[in-house]
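Asker: Need coordinates for the following:
(one chain, ligands or ions: 1)
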Amino acid sequence: MDSITVKTRTRQCLMDITSEVQQYLKSHNLISGIVTIYCPHTTGGITINEGADPDVMRDILAFLEKMVPHRGDYRHAEGNSDAHIKTSIIGPSVQVIVEDGRLMLGTWQKIFFAEFDGPRSRKVWLKWLQG
Ligand code: ZN
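Answerer: This next block holds a predicted model:
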């Protein structure tokens with residue numbers, strides 16, 4: 001298993017990590033298979049969505065904030081229950097098909113690290129399955 005480090009700069013953000021994952025494939029000469037991109041944190045997740053218009057990321061974060069406000073009727077003493085809930089909605093991982101050494105993403109798709117309790121230094125685990 002390999003990992004990449006993501007440094008987030010705000011409490012909540014969606015960071016495009018597509019080029020880091022592509023670089024991992026290139027540096028390990030991985031040509032055909034499946035890469036799993038997994039977040040081992042309880043207040044950060046991984047998702048795939050549009051990377052062309054940054055307003056899409058803004059709208060996703062704004063909608064999540066409306067659904068799960070930072071301050072609410074929560075019991076978790078750490079004060080970051082919204083981050084835990086948003087993380088469960090987004091999910092911890094994605095899998096992407098790799099052909100000819102390239103991530104098989106749709107034209108507008110990018111892989112995002114979803115930060116809900118930053119800024120922090122985060123790990124993203126990568127696992128390769130040859131096929
Ligand atoms: Zn917590």
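Asker: Give me the neighbour count for the residue of the chain found nearest the ion.
Answerer: Closest residue of the chain to the ion, CB to the ion: E78 (3.5 Å). (C-beta placed from N, C-alpha, C; glycine too.) Residues within reach of E78, counting by other CB atoms under 10 Å, total 10.
Asker: Mind telling me what element E65 is part of?
Answerer: Secondary structure assignment for E65, by DSSP states H and E: helix 54-67.
Asker: where exactly do the strands run in the chain?
Answerer: 2-7, 13-16, 33-38, 44-50, 93-99, 102-103, 109-115, 121-130 (DSSP state E).
Asker: From the contact counts, what lies against the longest one?
Answerer: Contact here means 3 or more CB pairs under 8 Å, 6 or more residues apart in numbering; DSSP states H and E; on that basis strand 121-130 packs against strand 2-7, helix 18-27, strand 33-38, strand 109-115.
Asker: In JSON lines: those, plus mean neighbour count.
Answerer: Formatted as JSON lines, those follow (neighbours: other CB atoms under 10 Å):
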{"stretch": "strand 2-7", "mean neighbour count": "14"}
{"stretch": "helix 18-27", "mean neighbour count": "15"}
{"stretch": "strand 33-38", "mean neighbour count": "18"}
{"stretch": "strand 109-115", "mean neighbour count": "23"}
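Asker: for these, which one sits closest to I97?
Answerer: strand 33-38 (6.0 Å; CB to CB).
Asker: distance between the closest one and the chain's centre?
Answerer: Strand 33-38 sits 13 Å away from the centroid of its parent chain (CA atoms, centre = their mean, to the nearest Å).
Asker: List the neighbouring strands of it plus their orientation.
Answerer: Applying DSSP bridges, strand 33-38 is found paired with strand 93-99 (antiparallel), strand 121-130 (antiparallel).
Asker: so the first one versus helix 18-27, what angle?
Answerer: Angle, strand 93-99 to helix 18-27, by axes from the mean of the first three to the mean of the last three CA atoms, to 10 degrees: 50 degrees.
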